[in-house]
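In: return atomic coordinates for the entry below.
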Amino acid sequence: MSVVAPPPGVPAPTTRGVSPYRTREKIGRVLWAVAQTVLFRWSFHTCYGWRRVLLRMFGARIASTVRIRRTVCIECPWNLAVGEETGIGDHATLYCLGPITIGHRVTISQHAHLCAGTHDYTDPNMRLLRPPIEVGNDVWICADAFVGPGVHVGDGAILGARGVAMHDLEAWTIFAGNPARIVKPRPRA
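Out: As a prediction, this is how the structure comes out:
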């Protein structure tokens, strides 16, 4: 069988099927999937300490006063850091392909989604990218809101319900909409 070159303008065959994950990370993801499904999800509603212990066992850096609900979905917990007095609501998604750092006194409301992973659409292989997300202190990410890869949420910012942040959010400012736009300044506590 002979190999034929692709026509002009068509990219050559690639290694598209090659996994971007090392073997150790693949094993970790499988073990975490089992632990999250069996031990994390089935814990009693107020067993925050138990869930903190599980997350720490998988490399997450979780402060001792963090409250994470049992229905939260976390991918790659070893890429997660959460500060004191922070609460993460039911059915929130923390997609930690890249690092997600959440500050102190933060509220991540129900069904919010923080996504630290995307693909390079300019690459024919759609190479995986893992830009970090940083959430400052005293932030509120409201219900159903989405924070995209590489976004920095400044201290005291609020992203309103169903808001979509694909760019950095200024400190002590309220944002809403898709894409998120400034609504007004937030008074400092």
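In: give me the number of residues near residue 122?
Out: Using other Cβ atoms under 10 Å, residue 122 has 7 other residues around it. (Each C-beta comes from the backbone N, C-alpha and C, glycine too.)
In: check the secondary structure at it for me.
Out: Here residue 122 is coil, with the state taken from DSSP: H, G, I helix; E, B strand; the rest coil.
In: in contact with it, which residues are there?
Out: Contacts of residue 122 were listed using Cβ atoms under 8 Å, 6 or more residues apart in numbering, and none were found.
In: relative to residue 129, how far out is it?
Out: As judged by Cβ to Cβ, to the nearest Å, residue 122 and residue 129 stand 11 Å apart.
In: for the record, mean pLDDT for stretch 97-106?
Out: In this model, stretch 97-106 carries a mean pLDDT of 98.
In: ignore what I typed, I meant stretch 114-130.
Out: Here stretch 114-130 scores 95 as its mean pLDDT.
In: likewise stretch 61-69?
Out: Averaged over stretch 61-69, pLDDT sits at 98.
In: ends of that stretch, how far apart?
Out: Stretch 61-69 has an end-to-end distance of 17 Å (criterion: Cα to Cα, to the nearest Å).
In: please apply the same query to stretch 29-49.
Out: Start-to-end, stretch 29-49 (Cα to Cα) is 22 Å.
In: who touches that stretch?
Out: For stretch 29-49, the external contacting residues (Cβ under 8 Å, 6+ apart) are 21, 50-51, 54, 57-58, 66-71, 73-77.
In: what's around the nearest residue to residue 130 once chain neighbours are set aside, how many residues?
Out: In this structure, residue 130 finds its nearest non-sequential neighbour in residue 98, 3.2 Å apart by Cβ to Cβ, 6 or more residues apart in numbering. Burial of residue 98, expressed as a neighbour count using other Cβ under 10 Å, amounts to 19.
In: wait, isn't residue 98 in contact with residue 114?
Out: No - using Cβ atoms under 8 Å, residue 98 is not in contact with residue 114, being 10.4 Å away.
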